[in-house]
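[1] this is a predicted model, with the sequence first.
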Amino acid sequence: MQPIWGALVGQSDAVEKLSRAVTDADKIRNGEPGPAMTHAWLITGPPGSGRSTAATTFAAALMCPLNGCGTCQICRMTPFGGHPDVQIVIPSELSYGVEEARELVRLSAFAPIDTPWRVIIIEDADRLTESAFDSLLKSLEEPTPHTVWVLCAPSVEDVLPTIVSRARHVSLRTPTTKDVMQLLINTYKVDPAMAAFAARASQGHIGRARGLATEEASRTRRQSDLRSAISLRDVPSCVLAAREMVTAATTAANTRADELDAKEDEQFKAAFGIEEGSRVKGASKRKVDAAKKQLADHQKNRRKRMIRDEADRSLVDLLGLFRDVLMVQVGSNLELINQEMRPAVESFAARGNPADTTRTLVAIERARASIKASTPPQLAVESVMVSIKDPKLASVHVNMR
Ligand SMILES: [Zn+2]
């Protein structure tokens, strides 16, 4: 196995399939590669399982002259969009439209520059609209000989069946706590105790585990979310706890969005040759203005999505906490996700019963779904807090709004 696959923890089946494809990609006869390679791939797996890592590692291995040595410039740069023959598309809007999809199809027709393959990776392909899928379809059916499409989505159900039937499917599983822990220790040089905590707390989400292990702010935020959820006294304290949770999520999202925006703004200026203090006039001004507006819209939508994603992350932490409460209430011996909070979890568990805790878990899942469907996070999280405080009242609170 080539070293580059080490980035994919606990995914031996997927690695096997993709690395065989890379080997067969070299065996071109009559214009077609060996049977393990094909032109359309669908990589599915739960959030944080490493879908985009799988896709970009695959692309890098296809580009690398040694099929993924893991150390050359190509292996190191490709996953970050640093190879001219690999396009990584991240649809940041809530839905990815037909225009953008057509643009990709046009792009796929160009011959690669440096290598035999042009790889187009679509992360979060579940955000494609139906008509966007339709415009990709023909290119997936009759791809130009050099094109490789890699679509990533949470599950097969998130992608149109017509796409699924034309793509080879690679499915990732949720990595085990042990796998995540090893990754943190080996790749990110995290000390074993911290790695154990972060792996457990992240519930198999690799990006989340890395954040918890390496950023104190993430740990503090998580801790305060969980503490306040089990110390609610009355309805005003529910509203306050929700506000604090959503504010913290928003701040975290904004910090990352600011960084991304700043980087893109720089690239934009470079692309249009705009220097500080210079003025553009006439037709070229209109062109620049249109592009500027497009970028601003894209950034605004991405920021909105990132805030939702962060709020969802907090709710997933709450799911873990109340799963722990339930474990204690039913007398299970399983290790708690929040082992370090065991006394607080036990004392909360003693005040309730499994039926109520199950209602709370349902309320949290419902809030996650409603945030996904555009409910403002503050409202959704408030109803969760009320449900934690009084599981039987939760539905009444929601109906009153
Ligand atoms: Zn290499």
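    Arrived safely.

[2] make it CA atoms for all contacts and neighbour counts henceforth
    Noted.

[3] so what's residue 88 bridging to?
    Bridge pairing for residue 88 (DSSP bridges) gives the partners residue 121.

[4] ok, it - contacts?
    The contact partners of residue 88, by CA atoms under 8 Å, 6 or more residues apart in numbering, come to 81, 120, 121, 122, 123.

[5] the residues you listed: which ones sit near the ion?
    With the criterion set as CA under 5 Å from the ion, no member of the contacts of residue 88 is near the ion.

[6] relative to the ion, which of those residues is nearest.
    Taking CA to the ion as the measure, the ion sits nearest to residue 81 out of those, at 14.9 Å.

[7] what is the burial count for the closest one?
    14 (other CA atoms under 10 Å).

[8] so the closest residue to it other than its chain neighbours versus residue 121, what's the distance?
    Distances taken as CA to CA, 6 or more residues apart in numbering put residue 88 closest to residue 81, at 6.2 Å, once the chain neighbours are dropped. Separation of residue 88 from residue 121 (CA to CA, to the nearest Å): 5 Å.

[9] what distance separates the start and the end of stretch 15-33?
    Stretch 15-33 has an end-to-end distance of 19 Å (CA to CA).

[10] kindly report the same for stretch 2-13.
    One end of stretch 2-13 to the other measures 15 Å (CA to CA).

[11] touching, residue 34 and residue 24? I think so.
    Yes. Counting by CA atoms under 8 Å, residue 34 does reach residue 24; the two are 4.5 Å apart.

[12] residues of the stretch 1-150 of the chain that sit close to the ion?
    Counting by CA under 5 Å from the ion, the stretch 1-150 of the chain sits next to the ion at 64, 68, 69, 70, 72, 75.

[13] residue 284: how many residues sit nearby?
    11.

[14] next one: the one 4 residues further on
    Burial measure for residue 288: 17 neighbouring residues, criterion other CA under 10 Å.

[15] state the distance from it to the ion.
    With distances taken as CA to the ion, to the nearest Å, residue 288 is found 38 Å from the ion.

[16] wait, doesn't that residue sit right on residue 272?
    Yes. Counting by CA under 8 Å, residue 272 is a contact partner of residue 288 at 7.4 Å.

[17] which SS class is residue 152?
    strand (DSSP: H, G, I helix; E, B strand; the rest coil).

[18] quick check: domain ranges of the protein?
    Recorded structural domains for the chain (assignment: automatic domain parsing) are 3-171, 235-274+294-400.

[19] can I get those domains in a markdown table including mean pLDDT?
    Output for the domains of the chain, formatted as a markdown table (pLDDT from 0 to 100):
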| stretch | mean pLDDT |
| --- | --- |
| domain 3-171 | 89 |
| domain 235-274+294-400 | 89 |
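
[20] which SSE is residue 174 in?
    Taking DSSP states H and E as the definition, residue 174 sits outside all helices and strands.

[21] coming back round to it: may I ask which of the residues of the stretch 1-150 of the chain next to the ion has the most neighbours?
    Highest neighbour count within these: residue 75, with 27 neighbours (other CA under 10 Å).

[22] so who does that residue touch?
    Shown in contact with residue 75 (CA under 8 Å, 6+ apart): 4, 57, 60, 61, 63, 64, 68, 69.

[23] verify the contact between the fifth one and residue 76 for me.
    The reference is to residue 63. No. With contact defined as CA under 8 Å, residue 63 does not count as touching residue 76 (11.0 Å).

[24] give me the more crowded residue out of those two.
    residue 63 (24 against 18).

[25] my read: residue 386 touches residue 233, true?
    No. Counting by CA under 8 Å, residue 386 does not reach residue 233; the two are 10.0 Å apart.

[26] if you count what's nearby, which of those two comes out ahead?
    Taking neighbours as other CA under 10 Å, residue 386 and residue 233 compare with residue 386 leading, 28 against 11.

[27] please save the CA atoms from the host helix or strand of that one in PDB.
    Element membership for residue 386 (DSSP H and E) is helix 377-389. Extracted in PDB, the C-alpha atoms of helix 377-389 (Å, rounded to 0.1, in the frame of the first residue of the first chain):
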ATOM      1  CA  PRO A 377     -30.600  28.300  14.900                       C
ATOM      2  CA  GLN A 378     -31.700  30.400  17.900                       C
ATOM      3  CA  LEU A 379     -35.300  29.200  17.700                       C
ATOM      4  CA  ALA A 380     -34.400  25.600  17.200                       C
ATOM      5  CA  VAL A 381     -31.900  25.600  20.000                       C
ATOM      6  CA  GLU A 382     -34.300  27.300  22.400                       C
ATOM      7  CA  SER A 383     -36.900  24.600  21.800                       C
ATOM      8  CA  VAL A 384     -34.200  22.000  22.600                       C
ATOM      9  CA  MET A 385     -33.300  23.700  25.900                       C
ATOM     10  CA  VAL A 386     -37.000  23.900  26.900                       C
ATOM     11  CA  SER A 387     -37.300  20.200  26.100                       C
ATOM     12  CA  ILE A 388     -34.300  19.400  28.300                       C
ATOM     13  CA  LYS A 389     -35.800  21.400  31.100                       C
END
